[in-house]
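**Student:** From the sequence below, what's the structure:
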Amino acid sequence: MNKNVHIIGAYNTKFGNLEEETIYSLYEEAAKGAIKDAGIDVKGIDAVFVGNYSGGSFNNQEHIAPYGVNILPELRHKPMYRTENACASGTSAVHMAEMAIKSGKAKNVLVVGVEKMNSLDTKNTAIALAKASYWEKEGAHEYTFPGLFAEYAKGWMRHYGYTLDQLREWMAEISAKAYQFGAQNPLAHLQKARTKEEILGIPDEKNPMIAYPLRLHDCSLISDGAAAVVLSEEARNGSVEMVATSSVSDYLNIVDSKRGNYFLEGAAKAVQEAFEQANMTIYDIQVAEVHDCFTITELLIYSAIGLAEKGKEYKALENRDVFLGGRCVINPSGGLKAKGHPVGATGVSMHALLYKQLTGNAIGVQIDNANAGLILNIGGSGATNMATILKRSKK
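**Tutor:** Take a look at the predicted model:
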């Protein structure tokens, strides 16, 4: 289990409302793109892991992993697995692929994340996503995911004594940062830059309340897309090493839960475990792709990853720590808020784009002298928490 695992190739499709694409075409584009980028013979792939949240709900296709054989007949009779862990389905696939290599079961593994979401109307999409909650206590009582993460926003304000106006300012700044980065990412779902002042000035009818206190511009997007990476036991010039991986589970529900609603405890523990594995701290990380499914989530992530104290997460904004040129640039891809959030693809996309970032081939904004990066992918309302630390491989 001491083998080093490296990302040797990656690919990310365009994210958005991709009317001409299907779950099959997205899977194919990402898989073939990553293999080409890695420069590896298809026959050298020993296994395939596919992150997909709910192809059954969105596309009437739950059993999706073996479609890899249809795409690449050379992989016939190779093992293929689908992973589901809500919004962390993609990182689950990456981590399981890493385990396959470390265990000696495989030398090279293809990981694909895919979701084609824009096939249902808004109501049925919300229902499909709510199935990632604790249905009996939450989804069945008409809690949507904006409503679940609104519990964090209300809990944080109540616990630390902040006002709605203060929170709106900080959330608008996070949203504006995402839009600024997304505008420079040609693969992003949203590519229109906005300032904090512009967001705060949007009329209520164009920025409606989705679940108090979260408005439309506090929410990530319903997106189609796919991403893929190739993992290998062998480093090569231009590869990136997975120096740490961690997964932490917590109570499934946030409503009436034993976990707090003002701090991302599971996320913080996952990140801390990854730092301990790598013998690193947040001060060794120059860039991170984190799970900004809502603006409140990113705000709370600042304390979870160690950029700010609990209750003073806004300091990371005030100090410009998370912006371009800051101590640890957060979501230069635009994040879920602007790049998009095709659920099963999200975690793989984080790995794919951070790989590109660390090899100096960023899609969009390039962070100068970035040597190490952090990924934090969250499933459900904080029930699944997965962290990865990537670092340029030693040549």
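**Student:** Quick one: the helices in this protein, in order.
**Tutor:** Chain-ordered helices for the chain, with DSSP state H as the definition, fall at 23-38, 55-59, 67-71, 89-102, 122-130, 145-160, 164-182, 196-200, 265-278, 295-304, 315-318, 335-338, 343-358.
**Student:** Who are the packing partners of the longest one?
**Tutor:** Read it as helix 164-182. Helix 164-182 sits against helix 145-160, helix 196-200, helix 295-304, helix 315-318, helix 335-338, with contacts defined as 3 or more Cβ pairs under 8 Å, 6 or more residues apart in numbering; DSSP states H and E. Every residue, glycine included, has its C-beta placed from N, CA and C.
**Student:** Out of these, which gets nearest to residue 42?
**Tutor:** With Cβ to Cβ as the measure, helix 335-338 is the member of these nearest residue 42 (31.1 Å).
**Student:** Counting by contacts, list what that closest one packs against.
**Tutor:** Identification of packing neighbours for helix 335-338 by 3+ Cβ pairs under 8 Å, 6+ apart yields helix 164-182, helix 295-304.
**Student:** show me what contacts residue 147?
**Tutor:** Under the criterion of Cβ atoms under 8 Å, 6 or more residues apart in numbering, the contact partners of residue 147 comprise residue 211.
**Student:** How much space separates it from residue 267?
**Tutor:** When distances are taken as Cβ to Cβ, to the nearest Å, residue 147 and residue 267 turn out to be 20 Å apart.
**Student:** looking at the helices and strands packed on helix 164-182, which is buried most?
**Tutor:** helix 335-338 (a mean of 31; mean count of other Cβ atoms under 10 Å).
**Student:** Residue 91: neighbouring residues, count only.
**Tutor:** Using other Cβ atoms under 10 Å as the criterion, residue 91 is surrounded by 33 other residues.
**Student:** check contacts around the residue nearest to residue 309 when sequence neighbours are not counted.
**Tutor:** For residue 309, the nearest residue in space outside its immediate sequence neighbours is residue 303; the separation is 6.3 Å by Cβ to Cβ, 6 or more residues apart in numbering. By Cβ under 8 Å, 6+ apart, the contact list for residue 303 reads 263, 264, 268, 309, 310, 311, 312, 313.
**Student:** Quickly note the distance from residue 303 to residue 281.
**Tutor:** Here the distance between residue 303 and residue 281 works out to 14 Å (Cβ to Cβ).
**Student:** Also residue 167?
**Tutor:** Residue 167 sits 28 Å away from residue 281, going by Cβ to Cβ.
**Student:** Residue 149 too?
**Tutor:** Following Cβ to Cβ, the distance that separates residue 149 from residue 281 is 27 Å.
**Student:** One more: residue 182?
**Tutor:** When residue 182 is compared with residue 281 (using Cβ to Cβ), they lie 29 Å apart.
**Student:** repeat for residue 367
**Tutor:** Here the distance between residue 367 and residue 281 works out to 18 Å (Cβ to Cβ).
**Student:** Looking only at neighbour counts, state which of the two leads.
**Tutor:** Set side by side, residue 367 and residue 281 show unequal neighbour counts under other Cβ under 10 Å, the larger going to residue 367 at 19 against 11.
**Student:** Quick check: end-to-end length of stretch 78-93?
**Tutor:** The straight-line separation of the ends of stretch 78-93 (Cα to Cα, to the nearest Å) is 16 Å.
**Student:** how far is that stretch from where the chain is centred?
**Tutor:** Relative to its chain's centre, stretch 78-93 lies at 13 Å (Cα atoms, centre = their mean, to the nearest Å).
**Student:** Residues contacting the worst-scoring helix or strand of the chain on mean pLDDT, please?
**Tutor:** Taking mean pLDDT, DSSP states H and E as the measure, helix 122-130 is the helix or strand of the chain with the lowest mean score, a mean of 94. Around helix 122-130, the neighbours that count as contacts under Cβ under 8 Å, 6+ apart are 54, 57, 58, 117, 120, 138, 139, 143, 144, 145, 222, 343.
**Student:** quick check: angle from that helix to helix 145-160?
**Tutor:** For helix 122-130 and helix 145-160, the angle between their directions (axes from the mean of the first three to the mean of the last three Cα atoms, to 10 degrees) works out to 60 degrees.
**Student:** can you pull the buried residues of helix 122-130?
**Tutor:** Under the neighbour-count criterion of 16 or more other Cβ atoms under 10 Å, helix 122-130 has 125, 126, 128, 129, 130 buried.
**Student:** need the residues you listed in TSV with distance to residue 237, can you?
**Tutor:** Compiled in TSV, those are given as follows (distance: Cβ to Cβ, whole Å):
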residue	distance to residue 237
125	43
126	46
128	43
129	41
130	46
